[in-house]
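S.K.: quick one: sequence and predicted model below, then my questions.
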Amino acid sequence: MKESGDVPVKDMKDHKDYASYFQSTYQPPSLKDAKKRGKEAVKILKDYDLEEDLKRIGVGKKFYIRTYGCQMNEHDTEVMAGIFTEMGYEPTTDVQEANVILLNTCAIRENAENKVFGELGHLKPLKLEKPDLLIGVCGCMSQEESVVTKILQTYDQVDMIFGTHNIHRLPQIIKEAYLSKEMVVEVWSKEGDIVENLPRVRKGNIQGWVNIMYGCDKFCTYCIVPYTRGKERSRRPEDIIEEVRHLARNGYQEVTLLGQNVNAYGKDFEDMEYGLGDLMDEMRKIDIPRVRFTTSHPRDFDDHLIEVLAKGGNLVEHIHLPVQHGNSEILKLMARKYTREHYMELVGKIKQAIPHAALTTDIIVGFPNETEEQFEETLSLVKEVQYDAAYTFIYSPREGTPAAKMIDNVPLEVKKERLQRLNATLNEISLSKNEAYIDSVVEVLVEGESKKNPDVLTGHTSSNKVVNFRGPKHLIGTIVKVHVTDAKTWTLRGNLLEETAGVIEG
Ligand code: SAH
Ligand code: SF4
Ligand code: F3S
């Protein structure tokens, strides 16, 4: 089914080169349109279903999806794997034997994008060898105009480009790609609806991801996500609770509630006052050992949420609270909408209410105009908070964002040197935090064998520390007690407590 009727006249004019060369172009993206936030209500669709012909399209064929970026993308891949399975496809981990290859991409920094362009280059010989192979680009990069233009102009090995709001249309897009053999582009710049009953094939059966909301309205000046993921839309609490209950019934030990800015959960509900604190309170009643959430924005982190998290139970003692910078002026330029003082006040409240909480963060160095003194404020904040761990990044200008118009005047060498100093400080703190665990007993959700040594099992504590220990494989998927004997910067090592081993073996 061709939907050329969906292409607004304006877009046809702006992009008439696409339309004439690529007959199957449904709709290319526009960053300007992505920025418009309509007041119209988001529709919740519950009647996703496949027509009979689409259910057989993949019989005897295999799909391969490579995922880049955050948990949101990882989880989208699980949904697409579910859709492929409904279409009759089987999964493969070998690109050589795939009939469809999808790159589920991330646009957060330039190096993330370069990896994808590199991979597309590597796939070209395979496409020449197997002309029936379908190659698709989806995820956040496909929401960017410049990326779509570049692919249309220089990567003719690509058969389909579809956006983050079009995942549920994968079957129709695949069918169109088989029929037309022209490049199919379907990217809605403005967000779609919430589609509730999409199939999923989850990775493993121990930990599960559950979306609680989509999109982001924060528009931090450096960030592309509000453009690639659209406006904030919250799923209804009853749908989330049902999904978590379903995972619990199926033996899952841990869920992670996902959103780009989970603290804004529920703010878009027009019929009720309901926030993340209320949702977490419901999560406590579900019989599943651990509930996590990510990512928090400090601005909307309210007292009610802290109060609920302090009740403990299955709500874990770990909060990821991205600070981005330690200097209030830079925070203002970033449009984070809090000052260093506000952030520290919030950290103080959290530490008081949940004394054992592990705090982690995200930090950007080398934002335009960052001076040495301002950078040192990031260092001093890090020391004050005493983070358990942090993800640190060199600022990368993203086309279409307000910061990209600021002069990026910190030399790369300086950015690299600051990143190194920051990481050295963070690593020292992580090590000392981990050393404090020596000689204590921790509860570990056993997730599998260690990558380095199959005789060693690995898992996480509720505070999200990685723990390695020797033990029998049948413990995978259970929570055990481990006596910590050694600490490194990133991991703890210990011995399985006899008591737990005995109970399980007996
Ligand atoms: N929604 C999350 C972040 C998602 S992106 C939040 O608000 O915390 C993950 C991290 O990537 C961000 O926290 C930020 O530290 C980093 N990041 C985002 N845009 C970036 C850019 N243009 N350059 C460098 N790092 C960036
Ligand atoms: Fe990006 Fe800011 Fe939204 Fe996080 S809150 S996704 S950093 S715009
Ligand atoms: Fe990347 Fe998109 Fe996630 S830009 S970090 S994959 S929301």
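M.R.: Received the coordinates, thanks. Ligands and ions are numbered 1, 2, ... in the order given.

S.K.: give me the number of residues near the nearest residue to Leu496 once chain neighbours are set aside?
M.R.: In space, and not counting its chain neighbours, Leu496 is closest to Gly471: 4.4 Å by Cβ to Cβ, 6 or more residues apart in numbering. (Each C-beta comes from the backbone N, C-alpha and C, glycine too.) The tally of other residues near Gly471 (other Cβ atoms under 10 Å) stands at 20.

S.K.: what sits against Gly471?
M.R.: Contact partners of Gly471, counting by Cβ atoms under 8 Å, 6 or more residues apart in numbering, are 446, 457, 480, 496, 501.

S.K.: out of these, who's nearest ligand 1?
M.R.: Distances from ligand 1 to the contacts of Gly471, taken as Cβ to the nearest ligand atom, are shortest for Val446 (28.2 Å).

S.K.: contact partners for the closest one?
M.R.: 457-459, 471, 475-480.

S.K.: ok, now Lys311?
M.R.: With Cβ under 8 Å, 6+ apart as the criterion, the residues that contact Lys311 are 281, 284.

S.K.: low pLDDT regions in this protein?
M.R.: 1-26, 39, 181, 499-506 (pLDDT under 70).

S.K.: near ligand 2, which residues of it?
M.R.: Residues of the chain found near ligand 2 (Cβ under 6 Å from any ligand atom) are 216, 218-220, 223, 225-226, 260-261, 297.

S.K.: which of those residues fall in helices?
M.R.: 225-226 (DSSP state H).

S.K.: wait, a strand at Phe63?
M.R.: Yes - counting by DSSP: H, G, I helix; E, B strand; the rest coil, Phe63 is located in a strand.

S.K.: separation between it and Phe375?
M.R.: Per Cβ to Cβ, to the nearest Å, Phe63 is found 45 Å from Phe375.

S.K.: in the stretch 251-400 of the chain, which spans are helices?
M.R.: Ranges of helices in the stretch 251-400 of the chain, per DSSP state H, counting those that start in this stretch, are 276-283, 303-309, 328-333, 340-353, 372-385.

S.K.: for the third one, list the C-alpha coordinates in PDB.
M.R.: The C-alpha atoms that make up helix 328-333 are tabulated as PDB, following Å, rounded to 0.1, in the frame of the first residue of the first chain:
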ATOM      1  CA  SER A 328      25.200  26.900  36.800                       C
ATOM      2  CA  GLU A 329      26.000  29.200  33.900                       C
ATOM      3  CA  ILE A 330      26.800  26.200  31.600                       C
ATOM      4  CA  LEU A 331      23.700  24.500  33.000                       C
ATOM      5  CA  LYS A 332      21.700  27.500  31.900                       C
ATOM      6  CA  LEU A 333      23.300  27.500  28.400                       C
END
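
S.K.: what's that helix packed up against?
M.R.: Where contact means 3 or more Cβ pairs under 8 Å, 6 or more residues apart in numbering; DSSP states H and E, helix 328-333 is packed against helix 340-353.

S.K.: can you list contacts of the helix it packs on?
M.R.: Looking at what lies outside helix 340-353 - Cβ under 8 Å, 6+ apart - the contacts are 298, 301, 303, 306-307, 309-310, 319, 321, 323, 326-328, 331, 338, 357, 359, 377, 381, 384-385.

S.K.: so which of those residues are also by ligand 1?
M.R.: Applying Cβ under 6 Å from any ligand atom to the contacts of helix 340-353, none is adjacent to ligand 1.

S.K.: next, count neighbours for Asp303.
M.R.: 11.

S.K.: ok, now Arg37?
M.R.: For Arg37, the count of nearby residues is 15 (other Cβ under 10 Å).

S.K.: now do the contacts for it.
M.R.: 217, 231.

S.K.: which of the residues of the chain next to ligand 2 lies closest to ligand 3?
M.R.: Val225 (4.9 Å).

S.K.: got the residues of the stretch 1-150 of the chain near ligand 3?
M.R.: Within the stretch 1-150 of the chain, the positions lying close to ligand 3 (Cβ under 6 Å from any ligand atom) are 69-70, 72-73, 106-108, 139-140.

S.K.: ok, and of these, which contact ligand 1?
M.R.: Within these, those near ligand 1 by Cβ under 6 Å from any ligand atom are Ile108.

S.K.: show me what counts as buried in stretch 332-347.
M.R.: 333-334, 336, 338, 340, 343-344, 346-347 (16 or more other Cβ atoms under 10 Å).

S.K.: nope, stretch 97-104 is what I meant
M.R.: Quick answer for stretch 97-104 (16+ other Cβ under 10 Å): 98-104.

S.K.: tell me the two of those residues that are most distant?
M.R.: For the buried residues of stretch 97-104, the farthest-apart pair by Cβ to Cβ is Asn99 and Asn104; their separation is 17.1 Å.

S.K.: spatially nearest residue to Val262, not counting backbone neighbours?
M.R.: Once flanking residues are discounted, Val262 sits nearest to Phe293: 5.2 Å by Cβ to Cβ, 6+ apart.

S.K.: that neighbour and Met213, how far apart?
M.R.: Per Cβ to Cβ, Phe293 is found 11 Å from Met213.

S.K.: near ligand 1, which residues of the protein are found?
M.R.: Residues of the chain lying near ligand 1 (Cβ under 6 Å from any ligand atom): 108-109, 222-223, 225, 260-261, 295, 297, 322, 324, 362, 364, 393, 395-396, 398.

S.K.: among those, which lie within strands?
M.R.: Secondary structure defined by DSSP state E assigns 362, 364, 393 of those to strands.

S.K.: isn't Val291 right next to Met283, touching?
M.R.: Yes - using Cβ atoms under 8 Å, Val291 makes contact with Met283 at a distance of 4.5 Å.

S.K.: look at these two and report which has more neighbours.
M.R.: Between Val291 and Met283, Met283 has the larger neighbour count (other Cβ under 10 Å), namely 25 against 21.

S.K.: any figure for the gap between that one and Ile319?
M.R.: Taken as Cβ to Cβ, the span from Met283 to Ile319 is 15 Å.

S.K.: right, and ligand 2 sits closest to which residue of the stretch 51-200 of the chain?
M.R.: Nearest residue of the stretch 51-200 of the chain to ligand 2: Ile108, at 8.3 Å (Cβ to the nearest ligand atom).

S.K.: having no further points to raise, I will conclude here.
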